[in-house]
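A.B. asks: model this:
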Amino acid sequence: MNLQFQYPEAFYLLGFLFLFIVLYIFYQFWKKRSIKKTGDPVVVNKLITNHSRIKTVLKFCLVLIAFGLGCIAVANPRKPDASSAEARKGIDLVIALDVSNSMLASDIAPNRLARAKQFISKLIDNLKDDRIGLIEFAGNAYLQMPLTFDQSAARLYVSSAGPGAVPTQGTSIGDALKKAEIAFGEESDRFRSIVLITDGETHDEDALDKAKELAGKGVMINTIGIGSPEGTTILDTATGGPKKDQAGQVVISKLNEQILQQIATVTNGTFVHLESAEAAVKTVMSQYTEIDKKALGDTSLYTYHSFYAWLVVPMLGLLLIELFIPDRKKTITPGSKKAKITDPIKAKA
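C.D. replies: Below is the predicted model of the structure:
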């Protein structure tokens, strides 16, 4: 595994190095101008002859290097332990689940939504090495769970799915397909597929166009039809009776097989009228058996060896060195050998 940085955005801090250098240069110019304004430059320079420019520059360079090491340490260089996670082979699968009120119809017992959840649960049992994502939709679509290997989390999200999760009613299949495309992202090059579970009761004109667009990108959509073509009434949770439209007519919710068959056909997928969950899962999984599955490391399970300490220790060392380096020249004490040699009067004697 290659070295990586947990917080690469920390490298932007290195831009301050250039700022510090510019400020230091301006400070040196300001210092020279101040000396000129103080008086005769020759006299002033004699007064500050014990000041060492070389040591000042050295101290500044040490601070710059220490700051650079600190920035890299903040980025946290690390190396993943390959033995802590296995490379899995599989597909990226987004489940788009219809949670509109029509899914509460009971033309299949106990109701459409409960049967859909049963199907998803059995489908997850067969997705051993695949990443799973979940989208719930009605009038609008919402990404409930991004792609993950965590099957337990997937089951939890599916169990809590219901009409209350989506504020706007309807059946926006097109929006669900758009959100699924976003959920796939652009990083993985594995095979991508959508399992669309709905009664298909929609007037969404964008659904088929979006399906064709996804087909051009190699995405397969398998559609699962829930309900009966004859339809049934929908329970109105407000009144406790059958739901009625604005004209006072009882609403009959029917399975729209045509739109689901069209979406599956244009994406080389399959349409399944859900009656038996086991049979439906078998049909869907048969679509994926011949797919070339590429390996993908499950990085969520990695443990890492961090190397920031290797940078922090020398950073602190450089700061300590800078602290103890004086910015004055070494003074020659009277009576020393050097003083005797350089003293012109004693040299003549």
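
A.B. asks: Tell me how many other residues surround Arg192.
C.D. replies: 23 (other Cβ atoms under 10 Å). Using the backbone N, CA and C atoms, a C-beta is placed for each residue, glycine as well.

A.B. asks: so it touches Ile91, yeah?
C.D. replies: Yes - using Cβ atoms under 8 Å, Arg192 is in contact with Ile91, at 7.0 Å.

A.B. asks: From Ile25, how far out is the nearest residue to Ala211 once chain neighbours are set aside?
C.D. replies: Distances taken as Cβ to Cβ, 6 or more residues apart in numbering place Ile263 nearest to Ala211, at 4.4 Å, with adjacent residues excluded. Per Cβ to Cβ, to the nearest Å, Ile263 is found 65 Å from Ile25.

A.B. asks: ditto for Ser286
C.D. replies: To Ile25, Ser286 is 71 Å away according to Cβ to Cβ.

A.B. asks: and if you look at Ala10?
C.D. replies: Distance from Ala10 to Ile25, by Cβ to Cβ: 26 Å.

A.B. asks: more neighbours, those two?
C.D. replies: When Ala10 and Ile25 are compared for neighbours, Ala10 comes out ahead with 16 against 10, by other Cβ under 10 Å.

A.B. asks: give me every residue that touches that one.
C.D. replies: By Cβ atoms under 8 Å, 6 or more residues apart in numbering, the residues touching Ala10 are Cys71, Ile72, Val74, Ala75, Asn76.

A.B. asks: Using TSV, lay out the residues you listed together with secondary structure, neighbour count and pLDDT.
C.D. replies: Formatted as TSV, the contacts of Ala10 follow (DSSP: H, G, I helix; E, B strand; the rest coil; neighbours: other Cβ atoms under 10 Å; pLDDT from 0 to 100):
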residue	secondary structure	neighbour count	pLDDT
Cys71	helix	19	94
Ile72	helix	20	94
Val74	helix	17	94
Ala75	coil	21	93
Asn76	coil	17	92
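
A.B. asks: Which members of the residues you listed are the farthest-apart pair?
C.D. replies: Cys71 and Asn76 (11.1 Å; Cβ to Cβ).

A.B. asks: all strands for the stretch 1-150 of the chain, in order.
C.D. replies: 4-5, 77-80, 87-90, 92-98, 131-137, 141-148 (DSSP state E, counting those that start in this stretch).

A.B. asks: hey, least reliable of the ones you listed by pLDDT?
C.D. replies: For the strands of the stretch 1-150 of the chain, mean pLDDT drops lowest on strand 87-90, to a mean of 71.

A.B. asks: Confirm for me that Gln6 is in contact with Lys79.
C.D. replies: No - when contacts are counted by Cβ under 8 Å, Gln6 is not listed as touching Lys79 (11.0 Å).

A.B. asks: so what sits against both of the two?
C.D. replies: Residues touching both Gln6 and Lys79 (Cβ under 8 Å, 6+ apart): Tyr304.

A.B. asks: circling back: figure out which of the strands of the stretch 1-150 of the chain is closest to Gly216.
C.D. replies: Gly216 lies closest, by Cβ to Cβ, to one member of the strands of the stretch 1-150 of the chain: strand 92-98, at 17.3 Å.

A.B. asks: Just give the number of residues close to the residue nearest to Gln151 when sequence neighbours are not counted.
C.D. replies: Spatial nearest neighbour of Gln151, chain neighbours left out: Ile124 (5.5 Å); criterion: Cβ to Cβ, 6+ apart. Ile124 is flanked by 19 other residues according to other Cβ under 10 Å.

A.B. asks: Could you find the closest non-adjacent residue to His273?
C.D. replies: Once flanking residues are discounted, His273 sits nearest to Gly225: 4.8 Å by Cβ to Cβ, 6+ apart.
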